[in-house]
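*Asks:* Next comes the sequence, and after it the predicted model I'd like to discuss.
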Amino acid sequence: MNTTPKKISKYVIKKILGQGAMGVVYLGYDEQIERYVAIKTVAFDQLNQQSSGQEFAERFIQEAKLLAKCTHPNIVTILEFGQENNMAFMVMEYIKGPSLKDVLKRKQSIPLMLVMTWFVQLLKALNEAHSQEIIHRDLKPENILLVNNKTTKLTDFGIAKSDDNETKTQIGITVGTPKYMSPEQIFGSAELGPYTDIYSLFVILYELLGHVSNINKYQAEPLKGLSSLAKHNKFKQDTLVPAHMQTFILKGLSLSHTDRYETVTEVLEDLRPLIKNIRAQSDNQVTTKKEEDNTSGFFTTGTVITQNTQDWIVEENDFDAMRDHLSELMGPMADFILTNALKNAHSQDQFIMQIAEKIDNQTIREVFVEQWRTL
């Protein structure tokens, strides 16, 4: 009978977060810096008892290696990897919020701009992974976690494929979750690329559109050409898609990857005018605090943060993610630091560096600059 360990590495074990046939995920606590972490473990004796144990172990190690390559605010951060007491473990940042799957299960209405915010964040997470030549291959709502309902965190790179790593997948063998898989994955093709993940993300976007509140105000109607799309994804017939997004969705869900968006950059280029259209229609419906103040800046729940010039601007989605990231590092001081930086900076680069100066730890400071200087 398995017993819960009191500690793993330097982390005090608080409780079990999840459990499977070959491993357990624990909630751990770092007493030195007073931070909770998630600890994913694999017991060697359990692996030896399973016919697929060796492959599972290889995937576990691969996931750690690939996560270590990806440093991005919308990808779960790995903090430590090791072995002790006949067990391998991976320590990751702890995300308290629900998964996207949990949100969809509640069948609650979601504002369209929030859906698009999540979509953009996940595109940028994929762009980071793809820049490291990593294809996730298992994008689905349960592998997307939410922080404060507005920031996404992509996780579970267990079956991801890296060009500098051998993969166990053979031609003719499918790996992934069928409902969210691309046609090339379903047919076991070895030709997988960024377009494979992009397809899966568009499947998720289509599913989210089925939960959008007041969708009719965007001149929405059922997706034209739905009958020509892949059947294995089980697209709902009655999902309404805004008129100006129809072509965009159809391209993202094209059966052949040569007709699809090949890279995240291509998706973002077509997405920018669509988001402007959504914002314009939303502004026609609601008088926002931004209109009342008639100032530039970023408006979120709580503190209103404004900048002193419109010569440069950070996209609102990026700013929200940066605010969450800085809050994790510095707590309540984050808003104060952002306010001063926005008031005093005269360029985007200066804005990032003024924030970075307030981060004492050199390694964390360098990571922060690397992440955000490319906005």
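*Replies:* It's in.
*Asks:* longest helix of the chain?
*Replies:* For the chain, the longest helix by residue count, based on DSSP state H, is helix 264-285.
*Asks:* Any regions of the stretch 51-200 of the chain where pLDDT drops low?
*Replies:* The model of the stretch 51-200 of the chain has pLDDT under 70 over residues 51-56, 158-176.
*Asks:* mind listing the strands for it?
*Replies:* Ranges of strands within the stretch 51-200 of the chain are 78-84, 87-93, 134-135, 144-147, 151-154, 161-162, based on DSSP state E, counting those that start in this stretch.
*Asks:* Using a markdown table, please lay out those strands together with mean neighbour count and distance to residue 204.
*Replies:* No exception for glycine: its C-beta is placed from N, CA and C like everyone else's. Output for those, formatted as a markdown table (neighbours: other Cβ atoms under 10 Å; distance: least, Cβ to Cβ, whole Å):
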| stretch | mean neighbour count | distance to residue 204 |
| --- | --- | --- |
| strand 78-84 | 16 | 23 |
| strand 87-93 | 21 | 22 |
| strand 134-135 | 23 | 16 |
| strand 144-147 | 21 | 8 |
| strand 151-154 | 24 | 10 |
| strand 161-162 | 20 | 19 |
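*Asks:* Out of those strands, the one nearest residue 256 is which?
*Replies:* Proximity to residue 256, assessed across the strands of the stretch 51-200 of the chain by Cβ to Cβ, is greatest for strand 134-135 (17.5 Å).
*Asks:* a markdown table please, covering the strands of the stretch 51-200 of the chain and showing distance to residue 372.
*Replies:* Converted to a markdown table, the strands of the stretch 51-200 of the chain look like this (distance: least, Cβ to Cβ, whole Å):
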| stretch | distance to residue 372 |
| --- | --- |
| strand 78-84 | 20 |
| strand 87-93 | 17 |
| strand 134-135 | 21 |
| strand 144-147 | 17 |
| strand 151-154 | 14 |
| strand 161-162 | 25 |
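*Asks:* closest to residue 262 out of those?
*Replies:* strand 134-135 (12.8 Å).
*Asks:* Quickly run through the sheet partners of that closest one, with directions.
*Replies:* Take DSSP bridges as the rule and strand 134-135 pairs in its sheet with strand 161-162 (antiparallel).
*Asks:* one step back: residue 123: which of the strands of the stretch 51-200 of the chain is closest?
*Replies:* Judged by Cβ to Cβ, the one of the strands of the stretch 51-200 of the chain that comes nearest to residue 123 is strand 151-154, at 10.1 Å.
*Asks:* Tell me which of the strands of the stretch 51-200 of the chain lies nearest to residue 363.
*Replies:* Closest among the strands of the stretch 51-200 of the chain, using Cβ to Cβ: strand 78-84, at 12.2 Å.
*Asks:* Alpha carbons of that closest one, in CSV - could you do that?
*Replies:* Output in CSV follows, covering the C-alpha atoms of strand 78-84 (Å, rounded to 0.1, in the frame of the first residue of the first chain):
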residue,chain,number,x,y,z
ILE,A,78,9.5,23.4,-14.1
LEU,A,79,11.5,24.2,-11.0
GLU,A,80,13.4,20.9,-10.3
PHE,A,81,13.8,17.3,-11.5
GLY,A,82,15.4,14.5,-9.5
GLN,A,83,15.2,11.0,-8.1
GLU,A,84,15.0,9.7,-4.5
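*Asks:* which helices and strands does that strand pack with?
*Replies:* Packed against strand 78-84 by the contact rule (3 or more Cβ pairs under 8 Å, 6 or more residues apart in numbering; DSSP states H and E) you find helix 53-69, strand 87-93.
*Asks:* about what we covered before: pLDDT on the longest helix of the chain, on average?
*Replies:* Across helix 264-285, the average pLDDT comes to 83.
*Asks:* Identify each buried residue in it, please.
*Replies:* 264, 266, 267, 271, 275, 278, 281, 282 (16 or more other Cβ atoms under 10 Å).
*Asks:* So what's the gap between it and the chain middle?
*Replies:* Mean C-alpha position of helix 264-285 versus that of the full chain (Cα atoms, centre = their mean, to the nearest Å) differs by 19 Å.
*Asks:* again with stretch 333-348
*Replies:* The answer for stretch 333-348 is 25 Å, by Cα atoms, centre = their mean.
*Asks:* Which positions within it qualify as buried?
*Replies:* For stretch 333-348, by 16+ other Cβ under 10 Å, it's 334, 335, 337, 338, 339, 341, 342, 345.
*Asks:* ok, residue 237 - contacts?
*Replies:* Under the criterion of Cβ atoms under 8 Å, 6 or more residues apart in numbering, the neighbours of residue 237 are 222, 226.
*Asks:* before we move on, what about residue 358?
*Replies:* 330, 333, 337.
*Asks:* where in the stretch 251-375 of the chain is pLDDT low?
*Replies:* Judged against pLDDT under 70, the low-scoring parts of the stretch 251-375 of the chain cover residues 282-317, 332, 373-375.
*Asks:* mind listing the helices for it?
*Replies:* 264-285, 289-293, 316-330, 333-344, 348-356, 362-372 (DSSP state H, counting those that start in this stretch).
*Asks:* try the stretch 1-150 of the chain
*Replies:* Under DSSP H, counting those that start in this stretch, the stretch 1-150 of the chain gives helices at 44-48, 53-69, 100-106, 112-131.
*Asks:* got the CA positions of the last one in CSV?
*Replies:* Once side chains and other backbone atoms are set aside, the C-alpha atoms of helix 112-131 remain, and they are given as CSV (Å, rounded to 0.1, in the frame of the first residue of the first chain):
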residue,chain,number,x,y,z
LEU,A,112,-15.9,36.7,-26.4
MET,A,113,-13.0,39.0,-25.6
LEU,A,114,-12.0,36.6,-22.8
VAL,A,115,-12.1,33.7,-25.2
MET,A,116,-9.8,35.6,-27.6
THR,A,117,-7.5,36.6,-24.8
TRP,A,118,-7.0,32.9,-23.9
PHE,A,119,-6.5,32.0,-27.5
VAL,A,120,-3.8,34.7,-28.0
GLN,A,121,-2.0,33.6,-24.9
LEU,A,122,-2.0,30.0,-26.0
LEU,A,123,-0.8,31.0,-29.5
LYS,A,124,2.2,32.7,-27.8
ALA,A,125,2.9,29.7,-25.6
LEU,A,126,2.9,27.5,-28.7
ASN,A,127,5.2,30.0,-30.5
GLU,A,128,7.7,29.6,-27.7
ALA,A,129,7.5,25.8,-27.9
HIS,A,130,7.7,25.8,-31.7
SER,A,131,10.8,28.1,-31.5
